[in-house]
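Visitor: Here is a sequence together with a model predicted from it:
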Amino acid sequence: EQMSEFSTISADREVVVHCGNSMRLVMEHIAAEFQRRYQIAVVFNYGGSSELLPLIEFGGRGDLFICHDPYAEMLAKKNLLVDYVVVGELKPIILVERGNPRNINNLADLGRDGLRFATVDSRYATAGKMVHDVLDRAPWGDKVRGNLVIESRSHSDAVVSLLTGHTDAAVVWSFLAPLYANRLDKIDSGVEFGERIRVTICRLTTSENPEEAEKFKQFVESDYAAKAFEYYGYLVSDTE
């Protein structure tokens with residue numbers, strides 16, 4: 001829906017940031033302000049976190065990695081992590097047509113006869129795995145799973161299925177809600193997913209610009225950035 005206007009400035013100093021797709025818009029918003037204030041160029045490399053991890057490991061390049069759980073832990077196991085900070089949280093939510101014509105109020109409602117919904121493929125996406133874990137445990141899980149008609153590779157594809165009328169709901173990460181606020185309504189899942197998925201900024205041992213990396217990391221922890229994370233639908237929590 002909204003594409004960022006971000007572009008890397010030309011500057012004498014730079015910081016190279018691997019950025020998971022789920023965090024792209026908010027990070028571009030933050031990076032634009034960082035560049036304006038400090039005249040340090042931010043060079044982004046985007047991809048799914050699972051694709052970026054081997055790139056960092058075998059490419060051996062990059063100052064920072066913006067990812068969600070469990071990737072900070074994976075970096076640590078591979079001795080690629082200097083340190084990290086939690087800057088927000090993600091959780092699955094339900095998106096429905098404006099005005100919620102099918103009167104969907106929680107995840108269990110998706111088991112009603114005649115409803116169709118989409119989510120992300122659990123083989124590639126943490127959110128899809130979390131949804132399936134809940135359905136495995138819930139007494140109404142099988143009914144809901146029976147109405148799952150699309151498991152897409154990306155969150156945006158799941159949302160497109162709803163926008164084009166192929167489904168009545170999409171269960172996706174919370175960061176999608178603000179992007180489609182003018183076309184879709186957000187419904188809370190009404191379930192406990194049993195795990196917190198934290199968004200982290202990780203300093204990498206591969207960093208060639210440690211001073212710039214530390215400065216950008218501190219900016220991503222600032223009040224300015226916290227407001228951006230909140231606006232873009234990443235719950236900002238005070239505790240780790």
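Guide: Great, that's in hand.
Visitor: residues in contact with the longest helix seen in the chain?
Guide: Determined from DSSP state H, the single longest helix within the chain is helix 24-38. Under the criterion Cβ atoms under 8 Å, 6 or more residues apart in numbering, residues 2, 4-6, 8-9, 11, 17, 19, 40-42, 44, 46, 66, 175, 179, 215-216, 219-220, 224-225, 228-229, 231-232, 234 lie in contact with helix 24-38. (C-beta placed from N, C-alpha, C; glycine too.)
Visitor: Just the buried ones from these?
Guide: 6, 17, 19, 40-42, 44, 46, 66, 175, 179, 215-216, 219-220, 225, 228-229, 232, 234 (16 or more other Cβ atoms under 10 Å).
Visitor: so of these, which ones are in helices?
Guide: Among those, the residues falling in helices (DSSP H) are 179, 215-216, 219-220, 225, 228-229.
Visitor: Widest-spaced pair of the residues you listed?
Guide: The span of those, defined through Cβ to Cβ, is set by Leu179 and Lys215 at 28.5 Å.
Visitor: Could you double-check that Tyr84 lies in contact with Ile201?
Guide: Yes: using Cβ atoms under 8 Å, Tyr84 is in contact with Ile201, at 6.4 Å.
Visitor: So between these two, which is more surrounded?
Guide: Ile201 (28 against 22; other Cβ atoms under 10 Å).
Visitor: Just give me the longest strand of the protein.
Guide: Determined from DSSP state E, the single longest strand within the chain is strand 81-90.
Visitor: List the buried residues of that strand.
Guide: So, applying 16+ other Cβ under 10 Å, buried residues of strand 81-90: 81-82, 84-90.
Visitor: hey, C-alpha coordinates of it in PDB?
Guide: Provided in PDB are the C-alpha atoms of strand 81-90 (Å, rounded to 0.1, in the frame of the first residue of the first chain):
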ATOM      1  CA  LEU A  81      26.600 -11.400  17.400                       C
ATOM      2  CA  VAL A  82      28.300  -8.600  19.300                       C
ATOM      3  CA  ASP A  83      25.100  -7.500  21.200                       C
ATOM      4  CA  TYR A  84      21.500  -6.800  20.500                       C
ATOM      5  CA  VAL A  85      18.600  -4.600  21.800                       C
ATOM      6  CA  VAL A  86      14.900  -5.400  21.800                       C
ATOM      7  CA  VAL A  87      13.000  -2.500  20.000                       C
ATOM      8  CA  GLY A  88       9.500  -3.900  19.500                       C
ATOM      9  CA  GLU A  89       7.300  -7.000  19.300                       C
ATOM     10  CA  LEU A  90       5.200  -8.700  16.700                       C
END
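Visitor: Show the average pLDDT along stretch 211-228.
Guide: Mean pLDDT, stretch 211-228: 96.
Visitor: Quick check: end-to-end length of it?
Guide: This stretch, stretch 211-228, spans 24 Å end to end (Cα to Cα, to the nearest Å).
Visitor: Need the contact partners of that stretch.
Guide: For stretch 211-228, contacts defined as Cβ under 8 Å, 6+ apart pick out 13-15, 17, 26-27, 29-31, 33-34, 37-38, 40, 42, 63-64, 66, 85, 87, 201, 203-204, 207, 236.
Visitor: Can you flag the buried ones in those?
Guide: For the contacts of stretch 211-228, buried by 16+ other Cβ under 10 Å: 14-15, 17, 26-27, 29-31, 34, 38, 40, 42, 63-64, 66, 85, 87, 201, 203-204, 207, 236.
Visitor: where do the strands sit along this structure?
Guide: Remark: strands assigned in the chain by DSSP E are 13-20, 40-47, 64-68, 81-90, 92-97, 117-120, 148-152, 169-173, 184-187, 197-204.
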